[in-house]
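Colleague: Following is a predicted model, sequence given first.
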Amino acid sequence: MLRKVRTDLALEVRESFPQDDVEIRGVALTEEYDEKSKIRVTTVVIKDEKGANAMKKPIGTYITIEAPELSKSDDSYHKSVSDVIAQNLMKLSGELKKEEILVVGLGNREVTPDALGPQVVDNLFVTRHLINEYGTEFSERNRLGNVSAISPGVMAQTGMEAQEIIKGIVKETKPKLLIVIDALASRSVSRLNTTVQITDTGISPGSGVGNNRKALNEETLGTKTIALGIPTVVDAATIVADTLEKYMQNSGFTEEEVFKFISEVNEQHIDNMFVTPKNIDDSIKRISYTVSEALNSCFSQTV
């Protein structure tokens, strides 16, 4: 049954096609699974315009890290996830990881499910000011990367698009690589606070919740942009629809009857509501630290 999928995850868009085992023209999918850590890494590569049209996403690479224990308090597990995030960040950044890096933490720190970006920035080891103060010899001796960071807030706080603020910073500081961190929306409850998506296509903030802002990518900012996001909210209508669909199918209703009933339900007032877990405060605090550690290991110190 086809329904509109409200999600920021390329993997979930791929899963929404009726036949998951059928290859989509212009889209390649590979998967790796670590049985010990139970971490699954799925890479979706959109290779051309045909794939982009089918997936409704830009051409590029989308890496999804599924870590079912990420929402729990387990330092050793979070270290494993941090290492996997770092490996894939380095894969997408290539030689640019040795250059000037600007990390952008999108979101509203006053709204917990949207506070991932700002909290990641709070935990970063920023070094650009040290290099500017003490010179390249100091940075080489201490093996420091060149990292700066900003949390631009949201339009309701600043009156400006995040893109406008970041453009000004990019023009002034001229970083070679942007890493943009943001909270995402998922269509699956099981993926909340347990999944990381990394992509080299940038990001359109708020797209998963229908609140599109200006895109942040290489085309709009003039600098290679990698986006890292974690889903923290799920569409309430999706939860209701999935639950009803499963119940009605098990009760013997036809697919047409299920579709008609769910369509009527979706017209009710839950269409613009999003849900987040009750322990979101603790989850964001832990996960933001995990992500910041991955960024620190990639960019703040050289090897």
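Modeller: Great, that's in hand.

Colleague: residues near residue 67, how many?
Modeller: 25 (other C-beta atoms under 10 Å). C-betas here are computed from N, CA, C, even on glycine.

Colleague: my bad, should have said residue 138
Modeller: 12.

Colleague: Just the CA coordinates for the helix or strand that contains it, please, in PDB.
Modeller: Assessed by DSSP states H and E, residue 138 sits inside helix 128-141. Taking Å, rounded to 0.1, in the frame of the first residue of the first chain, the C-alpha atoms of helix 128-141 are listed here in PDB:
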ATOM      1  CA  ARG A 128      40.600  27.600  14.600                       C
ATOM      2  CA  HIS A 129      41.200  30.400  17.200                       C
ATOM      3  CA  LEU A 130      44.200  28.600  18.500                       C
ATOM      4  CA  ILE A 131      45.800  28.300  15.100                       C
ATOM      5  CA  ASN A 132      45.000  31.900  14.300                       C
ATOM      6  CA  GLU A 133      46.600  33.000  17.600                       C
ATOM      7  CA  TYR A 134      49.700  30.700  17.700                       C
ATOM      8  CA  GLY A 135      50.300  29.800  14.100                       C
ATOM      9  CA  THR A 136      50.700  26.700  12.000                       C
ATOM     10  CA  GLU A 137      53.900  25.600  13.800                       C
ATOM     11  CA  PHE A 138      51.800  25.300  17.000                       C
ATOM     12  CA  SER A 139      49.100  23.400  15.300                       C
ATOM     13  CA  GLU A 140      51.500  21.000  13.600                       C
ATOM     14  CA  ARG A 141      53.400  20.400  16.900                       C
END
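
Colleague: Tell me which other helices or strands the helix or strand just after that helix touches.
Modeller: Downstream of helix 128-141, the next assigned helix or strand under DSSP H and E is strand 146-150. Counting contacts by 3 or more C-beta pairs under 8 Å, 6 or more residues apart in numbering; DSSP states H and E, strand 146-150 is packed against strand 100-105, helix 128-141, helix 162-173.

Colleague: Tell me which of the ones you listed is the most buried.
Modeller: Comparing these by mean neighbour count (mean count of other C-beta atoms under 10 Å), strand 100-105 ranks first with a mean of 25.

Colleague: Name every strand pairing with the biggest strand by length in the chain and say which way it goes.
Modeller: Assignment by DSSP state E gives strand 224-235 as the longest strand of the chain. Strand 224-235 has the following strand partners under DSSP bridges: strand 177-186 (parallel), strand 195-199 (antiparallel), strand 274-275 (antiparallel).

Colleague: For the helix or strand just after the last one, what does the pLDDT average out to?
Modeller: The reference is to strand 274-275. Beyond strand 274-275 on the C-terminal side, the first helix or strand identified by DSSP H and E is helix 280-295. If you average the pLDDT over helix 280-295, you get 95.

Colleague: other SSEs contacting the helix holding residue 138?
Modeller: Short answer (3+ C-beta pairs under 8 Å, 6+ apart): helix 128-141 packs on strand 146-150.
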